[in-house]
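A.B. asks: Could you look at this predicted model? Sequence included:
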Amino acid sequence: MRKVVFAIAILISLESTSQIDFTGGAMIGITATQMSGDGLAGWDKLGLVGGGWIHMDFNGNFGTWLGMHYTAKGSMKQADPDNGDYNEFAFDLEYIDVPVLATYTTGKFRFGVGPAVGVLINQTIDYNGEKYEPTPAFKTLDISGNASVWWLATNHSSLEFRGSTSIIPIRPAPAVVNPASFYEQGNYNQGLLFAWHYRF
């Protein structure tokens, strides 16, 4: 994490000596997430996202977006009393994500695609209000692919919609039924993010 902060400081210091247009700000929003390979279907796990970002505009169209933010991930099964199911179950995963997206800006819209590294800071299982440690435990890093679109509403405000998915398992599968199947190798985070960005 210290290396990331150092890299951000270096990028900011280059602003005065280059033609790159640097902007930065803060973001806050919500996530809807699920995990493949956990036996739970649906984007039922809602959470928060928030942090800061820097955008480097190279020529008015192409650029790079670098973020660092807290992201709630995981999956959830809700109770279904109408069918006699009164149990609630959730994987609660919390990450510090560092996405690096190549961007293209045209008019009021910006598009971005690229990887992100997520550092796991908390992991629990919530079963009917009781907290447990996941077994097996989740890995410390979540490497994901991301695709974003921003609506640049004003000079200081924008809205982002982002989709993401892990590209390597975040923990191994208890039993691999088909070794040739990518998604049977373990659990993978999948998320939808909607956030408001403020440009300083």
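C.D. replies: Great, that's in hand.
A.B. asks: CA-only coordinates of the helix or strand harbouring residue 150 in PDB, if you can.
C.D. replies: Counting by DSSP states H and E, the element that carries residue 150 is strand 141-151. The C-alpha coordinates for strand 141-151 follow below in PDB (Å, rounded to 0.1, in the frame of the first residue of the first chain):
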ATOM      1  CA  LEU A 141      -5.700 -10.200  -2.800                       C
ATOM      2  CA  ASP A 142      -8.500 -10.000  -5.300                       C
ATOM      3  CA  ILE A 143      -7.300  -9.300  -8.800                       C
ATOM      4  CA  SER A 144     -10.200  -8.200 -11.000                       C
ATOM      5  CA  GLY A 145     -11.100  -6.900 -14.400                       C
ATOM      6  CA  ASN A 146     -13.200  -3.700 -14.500                       C
ATOM      7  CA  ALA A 147     -15.200  -1.700 -17.100                       C
ATOM      8  CA  SER A 148     -16.700   1.700 -16.300                       C
ATOM      9  CA  VAL A 149     -18.800   4.400 -17.800                       C
ATOM     10  CA  TRP A 150     -19.000   8.000 -16.400                       C
ATOM     11  CA  TRP A 151     -21.600  10.700 -17.100                       C
END
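A.B. asks: That strand: partners in the sheet, and parallel or antiparallel?
C.D. replies: strand 109-127 (antiparallel), strand 157-166 (antiparallel) (DSSP bridges).
A.B. asks: The last one: how far from the chain's middle?
C.D. replies: The offset between the C-alpha centroid of strand 157-166 and the centroid of the whole chain comes to 8 Å, using Cα atoms, centre = their mean, to the nearest Å.
A.B. asks: again with stretch 73-87
C.D. replies: The answer for stretch 73-87 is 24 Å, by Cα atoms, centre = their mean.
A.B. asks: Next, the distance between the ends of it.
C.D. replies: One end of stretch 73-87 to the other measures 20 Å (Cα to Cα, to the nearest Å).
A.B. asks: Next, the buried residues of it.
C.D. replies: For stretch 73-87, the neighbour count (16 or more other Cβ atoms under 10 Å) marks 73, 74, 75, 76, 77 as buried. For every residue, glycine as well, the C-beta is placed using N, CA and C.
A.B. asks: any chance of those in JSON lines, plus distance to residue 64?
C.D. replies: JSON lines is the format used below for those (distance: Cβ to Cβ, whole Å):
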{"residue": "73", "distance to residue 64": "24"}
{"residue": "74", "distance to residue 64": "29"}
{"residue": "75", "distance to residue 64": "31"}
{"residue": "76", "distance to residue 64": "34"}
{"residue": "77", "distance to residue 64": "39"}
